[in-house]
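**Q** sequence unknown, structure follows:
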């Protein structure tokens, strides 16, 4: 019979980022490692730095042993909900930039006469100034 596991979003996991309540996400699995922080050979700051994001690369880069991987499984509390979509920040900022660029173009088309008038007045004043000398 299959075992049902609880699903967590990355935002939910990120809220647990203190030494008393620390969750990490590795390979799509969520672990509550708060009780292990003081025992971690690399120090608690290494684990705390990986909360709120996928810590798979950091975990693999550290070269953990097979026994460390087995110990990690004892802290398993659920899986990452991959169906929960994150806010696409890149799309939002690119839309804002495109909107600003379009607004600037529109303003330039509407107000082209102002810079032309300033240049025209400057040229006239220049000619008048040179005539007086």
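**A** Yep, it's here. The structure displayed is predicted, hence computed values, not measured ones.
**Q** quick one: average confidence on stretch 108-124?
**A** Across stretch 108-124, pLDDT averages out at 82.
**Q** From the chain's centre, how far out is it? Work that out for me.
**A** Relative to its parent chain, stretch 108-124 has a centroid offset of 43 Å by C-alpha atoms, centre = their mean, to the nearest Å.
**Q** repeat for stretch 34-51
**A** Taking mean C-alpha positions (C-alpha atoms, centre = their mean), stretch 34-51 and its chain are 22 Å apart.
**Q** For it, list every residue counted as buried.
**A** Residues of stretch 34-51 classed as buried by neighbour count (16 or more other C-beta atoms under 10 Å): 34, 36, 37, 44, 47, 48, 50, 51. Glycine gets a C-beta too; all of them are placed from N, C-alpha and C.
**Q** Next, format those as JSON lines and append secondary structure, distance to residue 99 and pLDDT.
**A** JSON lines is the format used below for the buried residues of stretch 34-51 (DSSP: H, G, I helix; E, B strand; the rest coil; distance: C-beta to C-beta, whole Å; pLDDT from 0 to 100):
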{"residue": "34", "secondary structure": "helix", "distance to residue 99": "43", "pLDDT": "90"}
{"residue": "36", "secondary structure": "helix", "distance to residue 99": "47", "pLDDT": "92"}
{"residue": "37", "secondary structure": "helix", "distance to residue 99": "45", "pLDDT": "89"}
{"residue": "44", "secondary structure": "helix", "distance to residue 99": "44", "pLDDT": "88"}
{"residue": "47", "secondary structure": "helix", "distance to residue 99": "41", "pLDDT": "90"}
{"residue": "48", "secondary structure": "helix", "distance to residue 99": "38", "pLDDT": "90"}
{"residue": "50", "secondary structure": "coil", "distance to residue 99": "35", "pLDDT": "89"}
{"residue": "51", "secondary structure": "coil", "distance to residue 99": "34", "pLDDT": "86"}
